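**Student:** Structure for the following, please:
(one chain, ligands or ions: 3)
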Amino acid sequence: MIKEQIVVTSAQMRDIEGRIFAGGMPVAALMEKVAGLISNRLKSIIPKDRTIGILVGPGHNGGDALVVARELHFQGYQVWIYQPFPKLKELTSQHLQYAQSLGIPCYQELAELPSCDFLIDGLFGFGLEREITGNIAATINHFNDWNCQIFSIDLPSGLHTDTGEVLGTAIRATHTFCLGLWKQGLLQEQALEYIGKAELIDFDIPLADIHVILGEVPKIKRITKTTVFNTLSLPLPPTTHKYKSGHLLLICGSKRYAGGAILTGLGARASGVGMLSIAVPESIKPLLVSHLPEALIIGCPETETGAISDLQLPPKTDLSSFSAIACGPGLTTDATPIVEQVINSEVPLILDADGLNILAQLGTIPTLRKRQNTTILTPHTGEFHRLFPDINYQDRVKAVQTAALQTGAVVLLKGARIAISNPEGVVWINPESTPALARGGSGDVLTGLMGGILARVVNKQVNIEDVVAAASWWHSQGGILAAKERTELGVDAFTLTQYLMRVLVDM
Ligand SMILES: NC(=O)C1=CN([C@@H]2O[C@H](COP(=O)(O)OP(=O)(O)OC[C@H]3O[C@@H](n4cnc5c(N)ncnc54)[C@H](OP(=O)(O)O)[C@@H]3O)[C@@H](O)[C@H]2O)[C@@H](O)CC1
Ligand SMILES: Nc1ncnc2c1ncn2[C@@H]1O[C@H](COP(=O)(O)OP(=O)(O)O)[C@@H](O)[C@H]1O
Ligand SMILES: [K+]
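**Tutor:** Ligands and ions are numbered 1, 2, ... in the order given. Below is the predicted model:
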């Protein structure tokens, strides 16, 4: 387990910190070390002739900020300190006293503050547990209106360390230096507008202490390139053949939503799956053949509305012939019997889009638990709400854990920060993405890609949540790469499919 993958709550961080101190590390020494690393990072970013305002809170986040102030002062920066609190923790108070003795200007009143080019936010860290109100709230809003870059220490002051919720108000940082281990709140969607560019400052927390608190395999993890690479099962064995690289059945599309089937197929193509079969209504079969000549397109009888009415598989084939099924994009809700049929099969199954809407209509979510094989559900927030109206998705990590526990499925909640949970509550969070993906059809691409990876590796002793994580990461990285080359407006879903392979090339 690498540190970049580990995610902690404030209680876990406090326990880990407690072990370090109990082991003999002096608190002041650790603060000195951490703040030294932050100062070095700032020196590499901020030119020497700039003025830096340091915002100091009552706890050790404020203490970190004061050590940073002192170090930057010695490096020749113009520094001032703003400290509005009547009472400080002892160590913080000592650092303030020393900064004052060095002649660093210290202010308690907003009105007295000189201007500056950069702000360092050391108001609150993981010790913030209640709403910020009154003067302090007004102060934070005031600094947000200064048009300058803000570097937050540990996390933007005002964010809940675990949920990323704004507690009253919060600093809108342009950069966040997360200390030691990733705090869960920084990976939650609602924190996104506040954290800017986030990076981890690794201050050598012993792995042994982490393992004692989080277990050998932590439950909540951040997806990294390494996770993905291990799951993709590369390089291919030299003697492989097409049926050893998985056979995916996609069930998707309707006369109304033919494009969704093409996009799902192109997503699956990018996965490198050995065999791809795509069941669609008969009337759109020629269209699919023209876009995916390598796939076996199964034209099915259709309803009057142009949805699949009967899954007519080729002779000598039944659902168990496939390594995995991905079902849903573009089906319309007229394909209800098909969704019931795949749920009743014993094949590893991904349900997306109308597959989920039908599931919600059927009201048979608990029957998913009876499935003998893997089930993966990939709702966006609207679909999630239809499926799980009683689950509050404000804390997305808790929400996916609850949904996975209820269904026995691996649940992926889409959005700017995808969260994935297996029924045991093992969570992956996708830490990087791009709003360029917020366009119709990009979810269809994800379903196809995930289906293909699942079919390829399902019999290779991989964890299913790792497969889902790998697909999410790959999909997001495709979006990021495409947006870099084509701008955020240039990433339509078809274009996205063309960038997926490039992600692997660059890996
Ligand atoms: N973990 C590590 O290994 C290391 C951690 N380090 C650093 O320590 C930070 C955590 O420090 P921390 O525990 O002192 O808490 P912190 O976030 O500074 O603030 C809590 C203070 O705020 C107050 N307060 C709370 N809510 C309030 C409100 N709404 N309005 C007003 N006041 C409020 C509360 O006082 P209270 O009134 O509750 O007594 C308390 O005094 C951490 O983020 C990191 O930067 C590094 O130095 C070394 C390595
Ligand atoms: N703001 C955003 N930032 C990053 N990714 C996003 C954002 N909004 C949506 N996405 C991603 O785009 C995809 C959209 O999927 P979905 O809503 O199912 O679209 P569709 O059904 O039209 O294909 C998901 O992978 C989702 O995580
Ligand atoms: K902070």
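**Student:** Stretch 314-326 and ligand 2, are they touching?
**Tutor:** No: legend: contact between stretch 314-326 and ligand 2 by CB under 6 Å from any ligand atom is lacking; minimum distance shown is 12.7 Å. Just so you know, the C-beta spots here come from the backbone N, C-alpha and C atoms, and that holds for glycine as well.
**Student:** Look at the spatially most central residue of the chain and report its pLDDT.
**Tutor:** Nearest to the mean C-alpha position of the chain, counting by CA atoms, centre = their mean, stands Asn430 at 2.5 Å. Among the per-residue scores, Asn430 shows a pLDDT of 97.
**Student:** Equivalent analysis for the one 3 residues further on, please.
**Tutor:** Looking at Ser433, its pLDDT is 97.
**Student:** That one falls within a strand, correct?
**Tutor:** No: under DSSP: H, G, I helix; E, B strand; the rest coil, Ser433 falls outside any strand and is assigned coil.
**Student:** In this structure Ile46 contacts Val79, no?
**Tutor:** No: using CB atoms under 8 Å, Ile46 is not in contact with Val79, being 10.8 Å away.
**Student:** Can you check which residues contact both of the two?
**Tutor:** Counting by CB atoms under 8 Å, 6 or more residues apart in numbering, the shared contacts of Ile46 and Val79 are Ile52.
**Student:** Please say which of those two ends up with more neighbours.
**Tutor:** Val79 (24 against 19; other CB atoms under 10 Å).
**Student:** Quick check: the gap between that one and ligand 2.
**Tutor:** For Val79, the distance to ligand 2 equals 37 Å [CB to the nearest ligand atom, to the nearest Å].
**Student:** Quick check: phi and psi on that residue?
**Tutor:** phi -130, psi 140 (degrees, to the nearest 10).
**Student:** Enumerate every residue touching it.
**Tutor:** Val79 neighbours (CB under 8 Å, 6+ apart): Thr51, Ile52, Gly53, Ile54, Ala69, Leu72, His73, Ile104, Pro105.
**Student:** With Ile136 instead?
**Tutor:** Pro84, Leu123.
**Student:** Got phi/psi on it?
**Tutor:** Dihedral angles (degrees, to the nearest 10) for Ile136: phi -70, psi -40.
**Student:** From ligand 2, how far out is it?
**Tutor:** Distance from Ile136 to ligand 2, by CB to the nearest ligand atom: 31 Å.
**Student:** Please name every helix or strand in contact with the helix or strand of the chain with the lowest mean pLDDT.
**Tutor:** Every helix and strand in the chain was compared by mean pLDDT, DSSP states H and E; the lowest is helix 225-232, with a mean of 87. Contacts defined by 3 or more CB pairs under 8 Å, 6 or more residues apart in numbering; DSSP states H and E place helix 225-232 against helix 442-457, helix 464-486.
**Student:** What is the burial count for the closest residue to Thr495 other than its chain neighbours?
**Tutor:** Excluding the flanking residues, the one nearest Thr495 by CB to CB, 6 or more residues apart in numbering is Ala482, at 5.8 Å. By the measure other CB under 10 Å, the count of residues near Ala482 is 25.
**Student:** Ala482 contacts Tyr499, doesn't it?
**Tutor:** Yes: here Ala482 lies in contact with Tyr499, judged by CB under 8 Å, at a distance of 4.2 Å.
**Student:** Return the residues in contact with Leu96.
**Tutor:** Leu96 sits next to Val56, Leu66, Ile81, Gln83, Leu88, Cys106 when contact means CB under 8 Å, 6+ apart.
**Student:** ok but it is inside a strand, no?
**Tutor:** No: under three-state DSSP, Leu96 sits outside any strand and is assigned helix.
**Student:** what's the distance between it and ligand 3?
**Tutor:** Counting by CB to the ion, to the nearest Å, the gap between Leu96 and ligand 3 amounts to 16 Å.
**Student:** And that residue, how far from ligand 2?
**Tutor:** For Leu96 relative to ligand 2 (CB to the nearest ligand atom), the value is 41 Å.
**Student:** Could you tell me what pLDDT the model assigned to that residue?
**Tutor:** For Leu96, the model assigns a pLDDT of 98.
**Student:** residues from the stretch 101-250 of the chain in reach of ligand 1?
**Tutor:** 124-132, 136, 153-154, 179-180.
**Student:** If you rank these by neighbours, which is first?
**Tutor:** The residue in these with the most neighbours, by other CB under 10 Å, is Ile153 (31 neighbours).
**Student:** OK, contacts around it?
**Tutor:** Ile38, Asn61, Asp64, Ala65, Val68, Ile120, Asp121, Gly122, Gly125, Phe177, Leu179.
**Student:** For it, give me the pLDDT.
**Tutor:** 98.
**Student:** domain ranges for the chain?
**Tutor:** For the chain, the structural domains run 3-218, 225-506, going by automatic domain parsing.
**Student:** so which of the ones you listed is the most packed in?
**Tutor:** domain 225-506 (a mean of 20; mean count of other CB atoms under 10 Å).
**Student:** Next, the distance between the ends of that one.
**Tutor:** End-to-end distance for domain 225-506, by CA to CA, to the nearest Å: 11 Å.
**Student:** what does stretch 112-122 give?
**Tutor:** End-to-end for stretch 112-122, by CA to CA: 19 Å.
**Student:** Now do the same contact list for whichever residue of the stretch 251-400 of the chain sits closest to ligand 3.
**Tutor:** Among residues of the stretch 251-400 of the chain, the one nearest ligand 3 by CB to the ion turns out to be Asp395. It sits 20.7 Å away. Neighbour list for Asp395: Asp162, Thr163, Glu165, Gln188 [criterion: CB under 8 Å, 6+ apart].
**Student:** That one and Ala170, how far apart?
**Tutor:** 16 Å (CB to CB, to the nearest Å).
**Student:** With His211 instead?
**Tutor:** 32 Å.
**Student:** Equivalent analysis for Thr434, please.
**Tutor:** From Thr434 to Ala170 the distance is 23 Å (CB to CB).
**Student:** How about Lys197: what's its closest non-neighbour residue?
**Tutor:** Using CB to CB, 6+ apart, the nearest residue to Lys197 is His175, at 5.1 Å.
**Student:** Dig out what the one you found forms beta bridges with.
**Tutor:** Phe151, Lys197 (DSSP bridges).
**Student:** Renumber starting at 46 from here on
**Tutor:** Yep, numbering from 46; the last one is His220 now.
**Student:** so what's it up against?
**Tutor:** His220 neighbours (CB under 8 Å, 6+ apart): Ile90, Gln194, Ile195, Phe196, Ser197, Gly241, Lys242, Ala243, Glu244.
**Student:** Packing partners of the helix or strand that Ile258 is a member of?
**Tutor:** Here Ile258, judged by DSSP states H and E, is contained in helix 252-259. Packing partners of helix 252-259 (3+ CB pairs under 8 Å, 6+ apart): helix 55-67.
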